[in-house]
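Visitor: Requesting a structural model of the entry that follows:
(one chain, ligands or ions: 1)
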Amino acid sequence: MRIIPLSEGSFTIDKTKLFVPYDLQNDTMKERTAGSLLVEIQPFIIVTAKDILLLDTGLGFEKDGKLQLHKNIMDAGINPAEITKVLLSHLHKDHAGAVGIGNGTDLAFPDATYYVQRPEFSFAFEKGFPSYITDELSCLKEAKQVHWLDGNGTIDGYIDYEITAAHSPFHQVFWIREDHEILFFGGDDAPQLQQMKHRFAAKYDYDGKKAMELRQQWWKKGSEENWTFLFYHDIKTPHTKADKG
Ligand SMILES: [Zn+2]
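Guide: Residues are numbered from 1 along each chain as shown. Alright, predicted model coming up:
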């Protein structure tokens, strides 16, 4: 399978939950509020034998009236209309920013099937801002292209999904299996390489302890079964095998 990380840049985020662009060359963390986290925002395209998959949709920022995500996909030599499936780990604004386009009524990938956990969608509308931007999500509600998921299962015989209730109550993770290869996308349950290697319970998680324990289990199993881990928020390492990381 071919993995294409689609970086939207580096950002810091603090209690305000605003993503502030961070220039790795010229900015310093000292200038940011105490407790700020430095993160990459990085959706992925996975080219498989059957599909062109998009994993999460980034912040949804636009440049010159164009969706940055569309531009990044085209820069990778792929037409956004070629995307067949959009897999959404959860609907926080930095992961689901570009599900729609323009004033939020149309899907950004009308030719794709979107895979969304139904309880995550309801939860987003209960909670709302600042973690969720419901105006951007409302285009999913009546769209025929949305395949609503409820719990755990398998898509097309080769993509397994599982609700973790760790980073957020209805967050899901994915395993994509083809031939002898296994890709693991843990979204915000497994956002960065360093969190896989060190025991770390994050305050910003819904269940930080569970997320930490899952990461340890995945890292162990992943090294036994030779998974490739995809890290949505890692500045340096978009993807790695457990033994190399
Ligand atoms: Zn999140």
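
Visitor: Double-check that residue 188 belongs to a helix.
Guide: Yes. Under DSSP: H, G, I helix; E, B strand; the rest coil, residue 188 falls within a helix.

Visitor: quick one: it from the ion, how far?
Guide: To the ion, residue 188 is 4 Å away according to C-beta to the ion, to the nearest Å. (Glycine included, C-beta is placed from N, CA and C.)

Visitor: again, but for residue 36
Guide: From residue 36 to the ion the distance is 16 Å (C-beta to the ion).

Visitor: cool, and residue 239?
Guide: From residue 239 to the ion the distance is 19 Å (C-beta to the ion).

Visitor: what's the closest non-adjacent residue to that residue?
Guide: residue 230 (4.9 Å; C-beta to C-beta, 6 or more residues apart in numbering).

Visitor: buried ones in the longest helix along the chain?
Guide: The longest helix of the chain (DSSP state H) is helix 208-225. Within helix 208-225, the residues that qualify as buried are 210-212, 214-215, 218-219, 222-223, counting by 16 or more other C-beta atoms under 10 Å.

Visitor: what's in contact with that helix?
Guide: Helix 208-225 is contacted by residues 164-167, 182, 184, 186, 189-190, 195-197, 199-202, 205, 227, 229, 241-243 when judged by C-beta atoms under 8 Å, 6 or more residues apart in numbering.

Visitor: need the helix or strand of the protein with the lowest average pLDDT.
Guide: The weakest-scoring helix or strand in the chain, judged by mean pLDDT, DSSP states H and E, is strand 62-63 (a mean of 88).

Visitor: Can you list the strands that that one pairs with?
Guide: Strand pairing for strand 62-63, determined by DSSP bridges: strand 66-67 (antiparallel).

Visitor: after the strand it pairs with, next one along is what?
Guide: helix 68-75 (DSSP states H and E).

Visitor: Let me know the average pLDDT across stretch 18-28.
Guide: Stretch 18-28 shows a mean pLDDT of 93.

Visitor: Equivalent analysis for stretch 235-245, please.
Guide: 88.

Visitor: on that earlier part again, among the buried residues of helix 208-225, find me the one that's closest to the ion.
Guide: The ion lies nearest to residue 211 out of the buried residues of helix 208-225, by C-beta to the ion, at 10.8 Å.

Visitor: so what's residue 50 closest to, chain neighbours aside?
Guide: Using C-beta to C-beta, 6+ apart, the closest residue to residue 50 is residue 156 (6.6 Å).

Visitor: State the number of residues packed around the one you found.
Guide: Using other C-beta atoms under 10 Å, residue 156 has 11 neighbouring residues.

Visitor: No further queries at this time; thank you.
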